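In: generate coordinates for the sequence data below:
(4 chains)
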Protein chains: 2
Amino acid sequence: MFFLKELPSQQMVGTYAETYGADPAHITSALLMMRRASLLIRRLDAYFAAHGLSQLRFLVLIVIDREPDRQSLTPNEIASRIDVSKPVMTRTLQSLQQDGLISLAASQTDKRSKEAALTAAGRQQLQDALPGYFRILSEEMARPPAAGD
Amino acid sequence: MFFLKELPSQQMVGTYAETYGADPAHITSALLMMRRASLLIRRLDAYFAAHGLSQLRFLVLIVIDREPDRQSLTPNEIASRIDVSKPVMTRTLQSLQQDGLISLAASQTDKRSKEAALTAAGRQQLQDALPGYFRILSEEMARPPAAGD
DNA sequence: CCCATTTAGTTACCATGATAACATAAATGG
DNA sequence: CCATTTATGTTATCATGGTAACTAAATGGG
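Out: Purely as a prediction, here's the structure:
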C-alpha cells in the first residue's frame, strides 16, 4: 500500500529528479498510480470484508470457478495462477473450507496433493460478490484521476 | 496487493460486464492498474528492505524532512500526512527511534505529545535511499504496461 | 472552576502478506 | 531397483496493515 496523502509537489519531484537524472513526469505518474491503486484496493477490501471474503479468498474462488473442463484444482495449481506464497495458500484454503465455501479432498493420483472444489455455497458467494466487484472497478476508473481524496 | 497473474480474458470481462452493466474497458484498465501498482510496490518493498527501511519508514522520514520551517513533527501530524492508523504510527516511530534514525522527545507544550526529528543518521539514510527510489519509479513507468511479468 | 468531552498516544489483539525449515510422496537416474 | 533429487503441502515465525479499548492530558460549556 502507498499512503502519502499529498503527493510531493511538482517542484520537489522536479528537483529530486533533476538531481538523480530521472524523468519527473514518470515519477509523478508512478506516484499517482500507486495512490490510486491503493485507494481502489482499500475500497475493494472493505467490500470483500462486508461479504465475508478478502481479495485473496475471492480470487481463489474465481480461479477455481473459471477453470475450463475441471471442477477442482490443486493448491499448487491455484497458487501458480495467483501470485501468492504456498503457506498463505494453505491457510486461505483451510479457512475457505472451514467456512464451507470450498471442499478439500485427497487427490487420487498424488498422495501429497489435494483437490479444491467450489461448494454450492462457494459458488453462490462468488455470484453474490461479482456484481459489486465489477461495479466498483468500473466506477473507480470512471472518476477523474483524483486530487486529494 | 492484487495478485492474479493472468488477468481475466477480454471475453470474460465482457461477459461479466454486460451482465452487470459495467464498462469492460474500465474494468480491464482497473485490473491492469492494480497489477502494475502491486508489482511496483513489491519492487519498492524489496528495495527498501535492502536499505533497512520499508515504504512506511521511508515516508515518515520524507515527511519530517520536507516540512518547511520546522525540524520536528508530532506523531499525530505525521499520521495526518500519511494515510495510516495511529497504532501503526506508534510502532513505526518506536522502531525508527530504536534504529537511531529519528529522535523522540517529549513535547514542551502538550504533555500528551511528542516531537519526532530526524537524526543525522536518519537524514543520511533518506539521502541514500532517494536516488534508487526515484530511479525505480522512473524505470517502471518507462516500461510498457506489462503483459505477463 | 469543574466535570464532560475531545484529543494524543499506547496496548492488546487480529488479518494477511512473507521466508525458512520440515515431512512425505513422487520422480529420476546410475 | 534403490538412492538421490524434486515437488507438495504444512508448521513456525516474522512483518506490517487494521480496530477496539484504554490512559492521560487538554479543552470547553455550565
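
In: any idea which residue sits dead centre in chain A?
Out: The central residue of chain A, meaning the one whose C-alpha is nearest the mean C-alpha position (CA atoms, centre = their mean), is A:Gln55 at 4.1 Å.

In: for that one, which residues are in contact?
Out: A:41, A:44-45, A:48, B:1-3 (CB atoms under 8 Å, 6 or more residues apart in numbering or on different chains). For glycine as for every other residue, the C-beta is placed from the backbone atoms N, C-alpha and C.

In: narrow these to just the buried residues.
Out: Among the contacts of A:Gln55, those that count as buried by neighbour count (16 or more other CB atoms under 10 Å in any protein chain shown) are A:41, A:44, A:48, B:1-3.

In: in which helix or strand would I find A:Ala105?
Out: Per DSSP states H and E: A:Ala105 is located in strand A:102-106.

In: circling back to that earlier point, closest one to B:Ser85 out of the buried ones among the contacts of A:Gln55, please.
Out: Lowest distance from B:Ser85 to these (CB to CB) belongs to A:Ile41, with 16.1 Å.

In: would you mind measuring from that closest one to B:Thr90?
Out: Taken as CB to CB, to the nearest Å, the spacing of A:Ile41 relative to B:Thr90 amounts to 24 Å.

In: report the lowest-confidence entry in the contacts of A:Gln55.
Out: Among the contacts of A:Gln55, B:Met1 carries the lowest pLDDT, at 70.

In: give me the secondary structure label for that residue.
Out: Under the three-state scheme (DSSP: H, G, I helix; E, B strand; the rest coil), B:Met1 adopts coil.

In: A:Ile102 and DNA strand C: what is the separation?
Out: 15 Å (CB to the nearest atom of the strand, to the nearest Å).

In: which ones are touching that residue?
Out: Each residue near A:Ile102 by CB under 8 Å, 6+ apart is listed here: A:60-61, A:64, A:93, A:96, A:116-119, A:122.

In: next one: A:Ser80
Out: Neighbour list for A:Ser80: B:Lys5 [criterion: CB under 8 Å, 6+ apart].

In: heading C-terminal from the lowest-mean-pLDDT helix or strand in chain A, find the next helix or strand.
Out: Least confident element among the helices and strands of chain A, by mean pLDDT, DSSP states H and E: helix A:10-20 (a mean of 71). Proceeding C-terminally, helix A:10-20 gives way to helix A:24-50 as the next helix or strand, assigned by DSSP H and E.

In: pLDDT at A:Asn76, what is it?
Out: Per-residue pLDDT puts A:Asn76 at 94.

In: again with A:Pro144
Out: 64.

In: swap in A:Lys5?
Out: Taking A:Lys5 on its own, its pLDDT is 77.

In: same question for A:Arg35.
Out: 88.

In: then the one 3 residues further on?
Out: A:Ser38 carries a pLDDT score of 89 in this model.

In: does it touch A:Phe2 like I think?
Out: Yes - look at A:Ser38 against A:Phe2 with CB atoms under 8 Å: they come within range, at 4.6 Å.

In: got any residues that touch both of the two?
Out: Overlap of the contact sets of A:Ser38 and A:Phe2 (by CB under 8 Å, 6+ apart) consists of B:Ala37.
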